[in-house]
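Novice: Mind folding the following:
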Amino acid sequence: MTSLTAVEAALRSLFPPEVAVAAERTRAPDIAALWPEERQAIDGAVPHRLAEFAAGRTAARRVLAALGHAPVALPMGPDRAALWPGGVSGAIAHDADLAVAVGRRGAPLGVDLEPDAPLEETLWPIICAPDELGLLRGDPARLVRRVFCAKEAVFKAQDPAHRALFGFEAVAVTLVEGGFNAQFRADVGCFRVGQVLTGRLTVVGSTVLAGVAW
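Specialist: Numbers count the residues shown, from 1 in each chain. This is a model prediction of the structure:
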């Protein structure tokens, strides 16, 4: 099992130095760690969802502490993203094993994680347009998973005042050495058609991490 120290080191490699990072192990739900406003968002959730949510909020409060911010509740917004305190941009991601959080005082940023495992072929055309699939070189089952991870990180890197829901087709991702370029195919939220965001990708243990910072 990859250590949390190694995961946090990998996270730091994705972002500028002013970004604080934290990783927590997803385990049995620690409901006591949640604030009342947070518990309301997951009332009735199944145990594994509670565990992921609690670990993510714990990681996020560690990020706030590293930024010199007092601990606060991070309730869930209409699009299910955490609502960070004013002046702080942040993002959370989790799976069955890990929860990670990143944050800074400044422009939006996004993070995501995925298992470094093949993705079933029936999902490829949902995540990637034909031109994106045509650019993949190597094991497409794993590379499509990385494109998915990159697109999720891009989705999270939105200005809270202009957040919008959009699908995989709204952005084209090209994988490059150590990262990716994401070009918007449409105007969505704070993004404009043709705009390109550059992100980074890394693999630590059996986990793919993607990060985007404006």
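Novice: what's the longest helix in the protein?
Specialist: helix 47-66 (DSSP state H).
Novice: what comes into contact with it?
Specialist: Helix 47-66 is contacted from outside by 20-31, 33-35, 38, 41-42, 45, 70-72, 74, 82, 84-85, 88, 90, 92-96, 98-103, using C-beta atoms under 8 Å, 6 or more residues apart in numbering. The C-beta positions use only the backbone N, C-alpha and C, and glycine is treated the same way.
Novice: Please indicate which of those are buried?
Specialist: 20-24, 26, 29, 34, 38, 41-42, 74, 82, 84, 88, 90, 92-94, 98-103 (16 or more other C-beta atoms under 10 Å).
Novice: Residue ranges in the chain under the pLDDT threshold?
Specialist: 28-29 (pLDDT under 70).
Novice: buried stuff in the longest strand seen in the chain?
Specialist: Criterion DSSP state E: the longest strand present in the chain is strand 196-204. By neighbour count with 16+ other C-beta under 10 Å, strand 196-204 contains the buried residues 197, 199-202, 204.
Novice: Which elements pack onto that strand?
Specialist: helix 4-12, helix 140-156, strand 179-184, strand 207-213 (3 or more C-beta pairs under 8 Å, 6 or more residues apart in numbering; DSSP states H and E).
Novice: Okay, now the sheet partners of the helix or strand following the second one, with direction.
Specialist: So that's helix 140-156. Counting by DSSP states H and E, the next helix or strand C-terminal to helix 140-156 is strand 171-176. Within its sheet, strand 171-176 is paired with strand 179-184 (antiparallel), according to DSSP bridges.
Novice: doesn't residue 3 make contact with residue 207?
Specialist: No. The pair formed by residue 207 and residue 3 falls short of the contact definition of C-beta atoms under 8 Å, at 11.8 Å.
Novice: more neighbours, those two?
Specialist: residue 207 (22 against 12; other C-beta atoms under 10 Å).
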